[in-house]
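> generate coordinates for the sequence data below:
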Amino acid sequence: MANDPIVSSESELLIVVDNDDNILGYETKANCHKEDGLLHRAFSVFLFNKRLETLLQQRSGSKSLWPMFWSNSCCSHPRKGEDAMIAARRRLSEELGVDLPLRPLFTFQYEARYEDRGTEKEICAVYAGLLTSPVGANPTEIHRCEFVDPDELDRSLRRDSSKYTPWLRIEWPRIRQHHWREVSELAREDV
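Numbering: from 1, shown residues only. Have a look, this model is predicted:
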């Protein structure tokens, strides 16, 4: 039905890569995440308002990995044949109901296991964007969203990082230390 919320599927084909990000083939999302995981491409998006507060989402309780954890504005995977930037904008529309330009910040590789349910093993492209319109969070994907002051997020991660996804715990300090100037420029851009 047209009113059904758009969700990512465990059967969608993700891009499996080697440590140099060369494509090795394609595998289902479920298989990329099970047991020790397969290295695959991913992306993370941090959306900011004009006050440079970042929009965090609390992941849906139905997520197989890190349910109900707080994470960045949007994160997912490019599908077979899909560029990461195009995939990021697609997922922003599907998860938050917004379409906006994104600025690439950096790419990194990480691995994190969630209990006995599976592993994220990703080469992840990180983007930033300026949010100037309200969001419409997809309840199938997101439990809730809130804007957080950057200094408060710094403090919260130092106090108790256990409520945040592992990729946010890696990405946020790197943004603050090495890319904050680029993020600050977003708030000065005309949209």
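
> what residues are bridge-paired with the residue most central in space within the chain?
What sits nearest the mean C-alpha location of the chain, by CA atoms, centre = their mean, is residue 75, with 2.0 Å. With DSSP bridges as the criterion, residue 75 is bridged to residue 44.

> any idea how far residue 20 is from it?
Counting by CB to CB, to the nearest Å, the separation of residue 75 from residue 20 is 22 Å. For the C-beta atoms, the positions are set from N, CA and C on the backbone; glycine is no exception.

> hang on, the residue nearest to the centre of the chain packs against residue 47?
No. Judged on CB atoms under 8 Å, residue 75 makes no contact with residue 47 at a distance of 11.6 Å.

> mind listing the helices for the protein?
29-33, 84-96, 150-159, 166-174, 180-188 (DSSP state H).

> packing partners of the longest one?
Here helix 84-96 touches strand 40-48, strand 74-76, strand 118-130, strand 142-148, going by 3 or more CB pairs under 8 Å, 6 or more residues apart in numbering; DSSP states H and E.

> cool, and the last one?
Helices and strands in packing contact with helix 180-188 are listed as strand 40-48, strand 103-114, strand 118-130; criterion 3+ CB pairs under 8 Å, 6+ apart.

> check which residues of that helix are buried.
For helix 180-188, burial by neighbour count (16 or more other CB atoms under 10 Å) applies to 183, 186.

> tell me the confidence at residue 36?
We note a pLDDT of 93 for residue 36 in this prediction.

> then residue 150?
Predicted confidence (pLDDT) for residue 150: 98.

> report how many residues lie close to it.
18 (other CB atoms under 10 Å).

> go ahead and confirm it touches residue 52.
Yes. Using CB under 8 Å, residue 150 makes contact with residue 52 at a distance of 6.0 Å.

> ok, back up a step: wait, which of the helices and strands packed on helix 84-96 is closest to residue 107?
Proximity to residue 107 (CB to CB) singles out strand 118-130 among the helices and strands packed on helix 84-96, at 4.8 Å.

> that closest one to helix 180-188, inter-axis angle?
Relative orientation of strand 118-130 versus helix 180-188 (axes from the mean of the first three to the mean of the last three CA atoms, to 10 degrees): 50 degrees.

> show me what strand 118-130 is packed against.
helix 29-33, strand 40-48, helix 84-96, strand 103-114, helix 166-174, helix 180-188.

> just the angle between the fifth one and helix 150-159, please?
Going back to what we said before, that points to helix 166-174. 120 degrees.

> what does helix 166-174 rub up against?
42, 44, 46, 56, 66, 70-72, 75, 106, 108, 110, 112, 120, 122, 124, 126, 153-154, 157, 161 (CB atoms under 8 Å, 6 or more residues apart in numbering).
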